[in-house]
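K.L.:
sharing a model that was predicted from the sequence below.
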Amino acid sequence: MRIIKDTNIDFMSKSHLTRILSLSIISLGIISLFINKGPKLSIDFIGGTLIAVNYTDEININDVRSSMENVEIEGQNYDFSTAEIKHFGDLSNVAFRITSLENEPENFTKSLIDKMSSLYPSLVPENKDDFILAIEKVGPKIGAELRGDAVMAIFSALILILIYITIRFELKYAVGAIAALAHDVIITLGIFSLFGFEISLAVIAAFLTIVGYSLNDTIVIFDRIRENSKMLKNSTLITVINQSINDSLSRTIVTSLTTFFVVLILFLFGGEVLNTFSFAMIIGVIIGTYSSIFVASPVVIYMDKN
């Protein structure tokens with residue numbers, strides 16, 4: 001059963017408005033990235049230590065930050081008050097994130113955990129295993145390698161997609177698909193910068209998933225364009241594209257809503273670990289559905305004219 005039946009919307013007549021909308025959002029993201037000197041990278045890419053602990057009652061972050069001004073580790077004093085200290089999921093959980101240090105002491109991580117437990121000894125669970133929620137440690141060299149691998153993964157995916165669609169359809173369709181995918185990734189990255197969210201390995205996985213999801217919608221529309229081109233030989237390309245999008249609209253909306261509700265549940269109830277991944281997916285589903293209609297198809301029309 002089709003939810004939307006027999007629509008006849010002139011999507012391409014609105015492409016100039018959607019072009020302004022896309023450029024506005026992209027510009028905001030680029031300005032944010034410029035102001036913030038690039039995306040906020042997690043320790044996965046810059047190296048460092050992340051420690052998340054669990055107290056038995058709510059903790060004031062400002063008090064924790066003040067207590068970390070002068071921490072002695074193996075005879076050396078460190079000021080961690082400017083490090084990233086925030087609640088981790090619950091108000092009783094605290095996450096401490098610091099970038100890699102030169103000549104880092106051997107027992108650095110253990111000393112930090114001991115310091116955090118000494119801040120509120122009465123609020124530390126009896127079982128020490130319940131106190132430590134997470135420990136992540138990545139060296140700066142490994143972080144740099146992961147950063148390069150992540151960028152290479154995204155660019156490799158785009159190049160392979162370009163080659164595949166050129167063979168499967170035509171070059172103009174491949175350019176349209178790549179434009180839509182680049183549009184989706186850039187906007188998602190910009191929104192992450194605007195909201196101050198970290199880019200981690202999980203977010204890179206979300207970006208690649210967004211690429212696949214957006215491409216699926218785009219390919220469905222392109223396939224329908226190819227079919228309608230044979231049946232509507234005397235019609236213009238704009239007419240064929242509008243008809244093809246209308247034919248695919250019900251399927252596109254059902255697929256998008258189904259995926260959106262799943263990732264929304266992940267975002268609301270998946271906890272801190274899945275928070276940024278599911279947020280990226282929410283943005284990706286919305287932007288991916290939009291770009292398959294208002295970015296990929298107008299680019300095909302432009303390529304056909306030139």
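P.N.:
Received the coordinates, thanks. Residues are numbered from 1 along each chain as shown.
K.L.:
the top helix by length along the chain packs against which elements?
P.N.:
Longest helix of the chain, by residue count under DSSP state H: helix 237-269. Where contact means 3 or more CB pairs under 8 Å, 6 or more residues apart in numbering; DSSP states H and E, helix 237-269 is packed against helix 201-231, helix 272-294, helix 296-305. The C-beta positions use only the backbone N, C-alpha and C, and glycine is treated the same way.
K.L.:
tilt between it and helix 296-305?
P.N.:
150 degrees (axes from the mean of the first three to the mean of the last three CA atoms, to 10 degrees).
K.L.:
tell me the mean pLDDT over helix 237-269?
P.N.:
For helix 237-269, mean pLDDT is 89.
K.L.:
give me the neighbour count for Cys149.
P.N.:
Just to correct that, residue 149 is Asp rather than Cys. 12 (other CB atoms under 10 Å).
K.L.:
wait, is it part of a helix?
P.N.:
Yes - under DSSP: H, G, I helix; E, B strand; the rest coil, Asp149 falls within a helix.
K.L.:
and it, how close does it get to Glu136?
P.N.:
Counting by CB to CB, to the nearest Å, the gap from Asp149 to Glu136 is 18 Å.
K.L.:
do Ala202 as well
P.N.:
With CB to CB as the criterion, Ala202 and Glu136 are 12 Å apart.
K.L.:
check Thr109 too.
P.N.:
In terms of CB to CB, Thr109 sits 10 Å off from Glu136.
K.L.:
ditto for Tyr120
P.N.:
For Tyr120, the distance to Glu136 (CB to CB) stands at 22 Å.
K.L.:
what's near enough to touch Asp44?
P.N.:
With contacts defined as CB atoms under 8 Å, 6 or more residues apart in numbering, Asp44 is in contact with Val138, Gly143, Leu146, Ser200, Leu201.
K.L.:
who are the contact partners of the closest residue to Phe279 other than its chain neighbours?
P.N.:
Leaving aside its sequence neighbours, Phe279 sits nearest to Phe267 (CB to CB, 6 or more residues apart in numbering; 5.8 Å). By CB under 8 Å, 6+ apart, the contact list for Phe267 reads Leu274, Asn275, Ser278, Phe279, Ile282.
K.L.:
of these, closest to Leu28?
P.N.:
Of all the contacts of Phe267, Leu28 sits closest to Phe279, with 17.1 Å by CB to CB.
K.L.:
and that closest one, how many neighbours?
P.N.:
For Phe279, using other CB under 10 Å, the count is 21.
K.L.:
do I have it right that it meets Ile199?
P.N.:
No - when contacts are counted by CB atoms under 8 Å, Phe279 is not listed as touching Ile199 (11.6 Å).
K.L.:
what is in contact with the two at once?
P.N.:
In contact with both Phe279 and Ile199: no residue, using CB under 8 Å, 6+ apart.
K.L.:
what's the closest non-adjacent residue to Ile25?
P.N.:
The shortest distance from Ile25 to any non-neighbouring residue, by CB to CB, 6+ apart, is to Ile187 (5.5 Å).
K.L.:
which of the three states applies to Ile85?
P.N.:
With three-state DSSP as the criterion, Ile85 reads strand.
K.L.:
that one and Ser66 touch, don't they?
P.N.:
No - contact criterion CB under 8 Å: Ile85 and Ser66 do not qualify, at 10.2 Å.
K.L.:
give me the distance between the closest residue to Asn107 other than its chain neighbours and Glu104.
P.N.:
Nearest residue to Asn107 in three dimensions, chain neighbours excluded: Glu74, at 6.8 Å (CB to CB, 6+ apart). Distance, Glu74 to Glu104, using CB to CB: 10 Å.
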